[in-house]
Structure formats: structure tokens, C-alpha cells
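Student: Using only what follows, build the 3D model:
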Amino acid sequence: MEINRRQLKSEAKTLLKGKWKISILVVIIFTLISLGISSLHTIGSILGLLFYPFLSLGLITFFLKISRNEDVEINTLFSKFSLFWKAAGLSFLVGLFSTLWSLLLIIPGIIASLSYSMVFYILIDNPDIKILDAIKESKRITNGYKMDILILNLSFIGWILLSCLTFGIGSLFLTPYMGTTNAILYTKLKNNSSAIKTEN
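Tutor: Next up is the predicted model:
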């Protein structure tokens with residue numbers, strides 16, 4: 001399967017039409033809660049380890065719904081409370097494994113991070129999946145596409161620089177754009193993987 005970056009990004013912009021306002025509002029709420037937790041210093045660090053994965057899972061759910069042209073609401077950000085502990089555990093293990101690989105060299109660490117990049121999407125689609133199985137599945141569907149994933153995310157570098165120059169204001173547009181694009185990519189990788197399984 002060929003990964004067409006322009007097509008993915010164009011599709012994301014099309015799907016975001018009429019949903020930019022609610023997307024930006026959700027990003028603002030996500031950011032304010034994250035900043036509020038981090039401002040609590042030591043307690044905030046502990047709370048962040050627990051709540052940030054949960055909020056991230058909600059944010060990814062929001063953009064995954066947009067990528068599938070489904071209706072979204074603000075409370076979508078908080079819709080995965082049943083997966084609170086599983087999200088925290090998954091985030092911890094991914095962080096641990098990525099760190100261990102990074103201890104070897106930077107490149108293995110980057111490759112590992114790309115291999116684990118689809119774990120939350122997989123958890124959303126398969127809420128009963130075991131944590132280690134979600135990690136294995138992410139490694140499986142990203143096999144052969146890690147460079148494509150890296151280049152796709154690097155293609156947003158202009159937006160990232162704009163966000164820095166505008167003191168983060170640009171990220172209100174970048175996050176929905178990038179989030180929806182990556183959600184579309186996940187679905188394509190998932191479908192491609194299913195097709196390969198069927199053929200075999």
C-alpha cells in the first residue's frame with residue numbers, strides 16, 4: 001500500500017470543514033486541563049501520569065470520529081473513562097519501552113516510538129484488548145510503514161514553526177489538522193493489514 005501524504009492531508013481538510021470550531025474548542029479545553037494539572041507541581045506530575053493518557057485517548061477518539069465522518073461533541077473528549085486505567089498502563093509501557101530502546105541509540109528509540117504510534121487508536125477500536133496485545137498489533141500494522149509515518153509527521157514542520165512563532169495559537173489549527181490526518185492514516189493501515197490477513 002502506498003502512503004500518499006498529500007491525499008491524506010487533503011482528505012483531513014475536507015473532513016474538518018464545518019468542524020473547525022468544535023475541534024479548536026476541544027483542543028483549548030484539552031490544553032487548559034493539561035496546563036491546570038501541570039501547575040500543581042509534584043501532585044500535578046502524578047496526576048499527569050494518570051489523566052494525560054486518558055485525555056489523549058479522548059482527543060484521539062475525537063479526531064478518529066472526524067476521520068470517519070461521524071458526529072462529534074465536546075464530551076467526546078471525556079468519553080473513554082472506562083479505559084482510564086488501561087490508557088494509563090498502555091502509556092506507561094510505551095514510554096518505558098521507547099526509553100529502553102533510546103538507551104541503545106537515538107535511532108532505535110525513534111523506530112520504537114513509530115512502531116507504538118497506533119496503540120491508542122487500536123485501544124479505541126478494541127477496548128477489550130490486552131495492553132501488550134495492543135502494542136504488538138501497533139508494531140504489526142506499522143511494519144513497513146514507519147518511515148512513511150515519520151515523513152508524514154515531518155511534513156507538518158511548517159505548521160509547527162508557525163505555532164511557535166504565534167506563541168502556540170497556530171497549534172489550535174495544527175492539532176485538529178494533524179490529528180485527523182493521522183487518524184485517517186491509522187484506518188488505512190488497519191484496513192491494509194486486514195486485507196493482508198485475508199489474503200494469507
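Student: which ones are touching Leu16?
Tutor: 23, 66, 176-177, 180 (C-beta atoms under 8 Å, 6 or more residues apart in numbering). Any C-beta I mention is one placed from the backbone N, CA and C, and that applies to glycine too.
Student: Determine which two of those are furthest apart.
Tutor: Ile66 and Tyr177 (10.6 Å; C-beta to C-beta).
Student: Neighbour count: these two, which is higher?
Tutor: Ile66 (23 against 19; other C-beta atoms under 10 Å).
Student: The more buried one contacts Val72, doesn't it?
Tutor: Yes. Here Ile66 reaches Val72: they are 5.9 Å apart, a contact under C-beta atoms under 8 Å.
Student: residues shared between the contacts of those two?
Tutor: With C-beta under 8 Å, 6+ apart as the test, Ile66 and Val72 both reach 19, 23.
Student: separation between the residue nearest the centre of the chain and Ile107?
Tutor: Central residue of the chain (C-alpha atoms, centre = their mean): Ile60, 5.3 Å from the mean position. Noted for Ile60: a distance of 26 Å to Ile107, by C-beta to C-beta, to the nearest Å.
Student: Run the chain-centre distance for stretch 169-176.
Tutor: How far stretch 169-176 lies from its chain's middle: 14 Å, per C-alpha atoms, centre = their mean, to the nearest Å.
Student: now stretch 66-75
Tutor: 15 Å.
Student: Measure how buried the nearest residue to Thr180 once chain neighbours are set aside is and give me the count.
Tutor: Nearest residue to Thr180 in three dimensions, chain neighbours excluded: Ala12, at 4.1 Å (C-beta to C-beta, 6 or more residues apart in numbering). Ala12 has 22 neighbouring residues, counting by other C-beta under 10 Å.
Student: Mind telling me what element Ala12 is part of?
Tutor: Take DSSP states H and E as the rule and Ala12 turns out to sit in helix 5-16.
Student: for this structure, which helix is longest?
Tutor: When the chain is scanned for its longest helix (criterion: DSSP state H), the result is helix 171-199.
Student: can you list contacts of the host helix or strand of Tyr121?
Tutor: Using DSSP H and E, Tyr121 sits in helix 119-125. Helix 119-125 is contacted from outside by 56-57, 60-61, 64, 80, 83, 86-87, 90, 94, 129, 134-135, 137-138, 141, 183, 186, 190, using C-beta under 8 Å, 6+ apart.
Student: which stretches of the protein have low pLDDT?
Tutor: Scanning the chain for pLDDT under 70 picks out 41-45, 194-200.
Student: nearest residue to Ser82 other than its sequence neighbours?
Tutor: Pro127 (7.1 Å).
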